[in-house]
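J.: need a 3D model of the following:
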Amino acid sequence: MIDSASSIVLTCHVRPDGDAIGSTLGWKHLLDSIGKSATVVVPDNAPRSLAFLPGFDSLAVYTRHEEYCSRLFKEADLVICCDFNQPSRLDKMRVLLDEATCPKVLVDHHVFPDEFADITFSFPDMSSTCELAFRLIADLGLYSQMNLDSATCILTGMVTDTKNFTVNCKSPDIYEILQRLIDKGCDKNRIVRLSLVEKSFGALKLEAYAISNKMEIFPELHAAVICLSKKECEDFHYEKGDTEGLVNRPTEIRGITCSFFLREDSDCVKVSARSVLDFPVNTICSDLFGGGGHVMAAGAEFHGSLQECRDMLVKALPDYARFLKGKTEKLDYFEI
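T.: Numbering: from 1, shown residues only. Here you go, the predicted model:
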């Protein structure tokens, strides 16, 4: 398919994260290096924490350039879909994928993919879509063609989805892949700092406010919930990506098994969930909100008020206490 295509579109899910942008840009630079014309088309803006990635400024954003993105899909000889398992994850841009007449390939690590692509590479046990992309590139015999730009994007997706190789690293192969990417010249320390550590002043203040003022702890359930309204975000000059990673912070408390972050957007409440010790937050997101994801990293959208979303979650949490057996340690918590 790649050999016979001259114009290739790469795309990913709405509200793209490091794995989504890393995998699409990683493929783009690889395809460019073998003489193909490749463009990354995203449903909406990527977080500014990823602006250091080579090719970031070349992203075609559907919410900003709808006509241009539509033309790219219509003229494409091949569409490679990265890091999503259902066309609905493209949000309003789904229509472009549905109407595209060219072959489609799915490269993803989420469970239960829909059958919408001509070829589906779905491996939920892998750490990230970027890991899967690297394996495919190597299996295609194209590792030697991979340049530093491609390697940097691929490693960024692996770093962000594994929290710097601390979660979702089931296979020791991932460390060999890391070495292969470093062999290409990747600066892992720089990638970690720019994608996971650095924040704007407003983002840091918002995180401090959320943890200090908005974090609720439910000791008997080993759970934490953080809710932020649209106004609270605006008060701290919120920009897309400013709350990236906030949902992980409560899991740093000894004894917290699951963490939920609810953020009010203009049209819905964005639900993010993380856990440790294989506690199935994807089941909770699916049951309550029709969402899903991985066992320890999931999300959803709730169409109602922030308070309704919070109350529904808190009321339902005791129903999932049965999953806590063997997945807790003594909670290091006291009321202040």
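
J.: which SS state does the nearest residue to residue 250 once chain neighbours are set aside fall under?
T.: Once flanking residues are discounted, residue 250 sits nearest to residue 224: 3.4 Å by C-beta to C-beta, 6 or more residues apart in numbering. All C-beta atoms are positioned from the backbone trio N, CA, C, and that covers glycine. Using DSSP: H, G, I helix; E, B strand; the rest coil, the structure places residue 224 in strand.

J.: where's residue 224 relative to residue 214, distance?
T.: From residue 224 over to residue 214 the distance is 10 Å, taken as C-beta to C-beta, to the nearest Å.

J.: report the beta-bridge partner residues of the residue nearest to residue 250.
T.: Counting by DSSP bridges, residue 224 is bridged to residue 217, residue 259.

J.: returning to what we had before: which of residue 224 and residue 214 has more neighbours?
T.: The neighbour comparison of residue 224 against residue 214 (other C-beta atoms under 10 Å) goes to residue 224, with 24 against 17.

J.: mean pLDDT per helix and strand in the chain: which one sits at the bottom?
T.: Counting by mean pLDDT, DSSP states H and E, the chain has its least confident helix or strand at strand 292-294, which shows a mean of 84.

J.: now do that strand: which elements does it pack against?
T.: Counting contacts by 3 or more C-beta pairs under 8 Å, 6 or more residues apart in numbering; DSSP states H and E, strand 292-294 packs against helix 281-289, strand 297-302.

J.: strand partners (parallel or antiparallel) of it?
T.: strand 297-302 (antiparallel).

J.: keeping just the C-alphas, turn the strand it pairs with into PDB.
T.: Output of strand 297-302 as PDB, limited to C-alpha atoms (Å, rounded to 0.1, in the frame of the first residue of the first chain):
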ATOM      1  CA  ALA A 297      -5.700   4.600  31.800                       C
ATOM      2  CA  ALA A 298      -9.200   5.500  30.500                       C
ATOM      3  CA  GLY A 299     -11.500   8.300  29.700                       C
ATOM      4  CA  ALA A 300     -14.900   9.500  28.600                       C
ATOM      5  CA  GLU A 301     -17.200  12.400  28.000                       C
ATOM      6  CA  PHE A 302     -20.200  13.300  30.000                       C
END
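
J.: next secondary structure after that strand?
T.: helix 306-316 (DSSP states H and E).

J.: chain center to that next one: distance?
T.: 24 Å (C-alpha atoms, centre = their mean, to the nearest Å).

J.: got the angle between that helix and strand 297-302?
T.: If you take axes from the mean of the first three to the mean of the last three C-alpha atoms, to 10 degrees, helix 306-316 sits at 130 degrees to strand 297-302.

J.: can you dump the C-alpha coordinates of helix 306-316 into PDB?
T.: The C-alpha trace of helix 306-316 is given here as PDB (Å, rounded to 0.1, in the frame of the first residue of the first chain):
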ATOM      1  CA  LEU A 306     -19.900  19.000  36.200                       C
ATOM      2  CA  GLN A 307     -21.800  18.400  39.500                       C
ATOM      3  CA  GLU A 308     -24.000  15.700  38.000                       C
ATOM      4  CA  CYS A 309     -20.900  14.000  36.600                       C
ATOM      5  CA  ARG A 310     -19.100  14.100  39.900                       C
ATOM      6  CA  ASP A 311     -22.200  12.900  41.900                       C
ATOM      7  CA  MET A 312     -22.700  10.000  39.500                       C
ATOM      8  CA  LEU A 313     -19.100   8.900  39.800                       C
ATOM      9  CA  VAL A 314     -18.900   9.200  43.600                       C
ATOM     10  CA  LYS A 315     -22.200   7.400  44.000                       C
ATOM     11  CA  ALA A 316     -21.100   4.500  41.800                       C
END
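
J.: sorry, back to before: any idea which of the helices and strands packed on strand 292-294 scores lowest on pLDDT?
T.: Here the helices and strands packed on strand 292-294 differ in mean pLDDT, and the lowest is strand 297-302 at a mean of 92.

J.: the helix ranked longest in the chain packs against which elements?
T.: For the chain, the longest helix by residue count, based on DSSP state H, is helix 18-33. Contacts defined by 3+ C-beta pairs under 8 Å, 6+ apart place helix 18-33 against strand 7-11, strand 37-42, strand 78-82, helix 129-139, helix 148-161.

J.: for residue 251, find the nearest of those.
T.: For these, the distance to residue 251 is smallest for helix 148-161, at 15.5 Å, taking C-beta to C-beta.

J.: would you mind listing the buried residues in the closest one?
T.: 149-161 (16 or more other C-beta atoms under 10 Å).

J.: same question for stretch 180-187.
T.: 180-181, 184, 186.

J.: now render these as CSV, adding distance to residue 59 and pLDDT.
T.: As requested, the buried residues of stretch 180-187 are exported to CSV (distance: C-beta to C-beta, whole Å; pLDDT from 0 to 100):
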residue, distance to residue 59, pLDDT
180, 26, 98
181, 22, 98
184, 22, 98
186, 21, 98
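
J.: which of the residues you listed fall in helices?
T.: Counting by DSSP H, these place 180-181 in helices.

J.: ok, the residue nearest to residue 250 to residue 195 distance?
T.: 24 Å.

J.: now the helices and strands packed on helix 18-33 in CSV, with distance to residue 264 and mean pLDDT?
T.: Shown next, in CSV, are the helices and strands packed on helix 18-33 (distance: least, C-beta to C-beta, whole Å; pLDDT from 0 to 100):
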stretch, distance to residue 264, mean pLDDT
strand 7-11, 27, 98
strand 37-42, 23, 98
strand 78-82, 28, 98
helix 129-139, 28, 97
helix 148-161, 24, 97
